[in-house]
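Provided below for reference: sequence and predicted model.
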Amino acid sequence: MFPSTVAESLQKDDRILAEINRLAGELEVSGVDDEQQITRSRMLCEILSTYLVDEIWCRLDRIYLETKQSPTKFSGTCSENEIDLESSLKAELDSLYSEITAVAQMSASLEFGNPLTEATSKKKVQNDRYIGSVLDCVRCLVYMHAT
C-alpha cells in the first residue's frame, strides 16, 4: 500500500511540474528590460521627429523658393505689392518654423511612441499573470509535499 501512495504522489507531482513547464514555456522572456524598451522607443521617436522637422522645413523652403521665382518668370520685375507679399510670406514661414518641431514631436509620439509604450506595458501585465499562475502551481506542489 505504501508504494502505491508514493506512486500517486509522484504522479501528482509530475502533473504539477508539467503544468509549471507549460506555463513557463508561455512566458515571453526577452533579453531587454521593459524600461530599456521604453527608453529606446522614446529615443527612436525623437530621431523620427527630427527627420520629420527636416522634411517639413525642406518642403517649406522649396515652396517658398518656387513662389519667389514665379512672379519674376513672366515680367522680369517685381512690383511693390509682390515685394510686400514676399516679405509677409517670409515672415509667415519664419513663424511656422518655430512651431514645426513641437508638432513633429507630438505627432511621432502619438503615432509611434505611445503605442509602443502601451504594448510593452500590456506584455508585462500578461507575463506577470503567467508568473502568478506558475507561483500558484509551485505553492500547490509545496503544500502537497508538506501534507
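Perfect, I can see it now.

any weak-confidence spans in the chain?
The model of the chain has pLDDT under 70 over residues 1-3, 20, 23-32, 71-79, 82, 142, 144-147.

biggest helix in the chain, by residue count?
Criterion DSSP state H: the longest helix present in the chain is helix 34-75.

which stretches of the protein form helices?
Counting by DSSP H, the helices of the chain are 2-26, 34-75, 80-108, 114-146.

With mean neighbour count added, can I get those in a markdown table?
Just so you know, the C-beta spots here come from the backbone N, C-alpha and C atoms, and that holds for glycine as well. Output for the helices of the chain, formatted as a markdown table (neighbours: other C-beta atoms under 10 Å):
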| stretch | mean neighbour count |
| --- | --- |
| helix 2-26 | 12 |
| helix 34-75 | 13 |
| helix 80-108 | 13 |
| helix 114-146 | 13 |
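
picking that back up, which helices and strands sit right next to the longest helix of the chain?
Helices and strands touching helix 34-75, by 3 or more C-beta pairs under 8 Å, 6 or more residues apart in numbering; DSSP states H and E, are helix 80-108, helix 114-146.

Leu52: which of the ones you listed is closest?
Leu52 sits nearest to helix 80-108 of all those, at 4.0 Å, using C-beta to C-beta.

Centre of the chain to the closest one, how far?
Computed by C-alpha atoms, centre = their mean, to the nearest Å, the chain-centroid distance of helix 80-108 equals 30 Å.

which helices and strands does it pack with?
Using 3+ C-beta pairs under 8 Å, 6+ apart: helix 80-108 touches helix 34-75.
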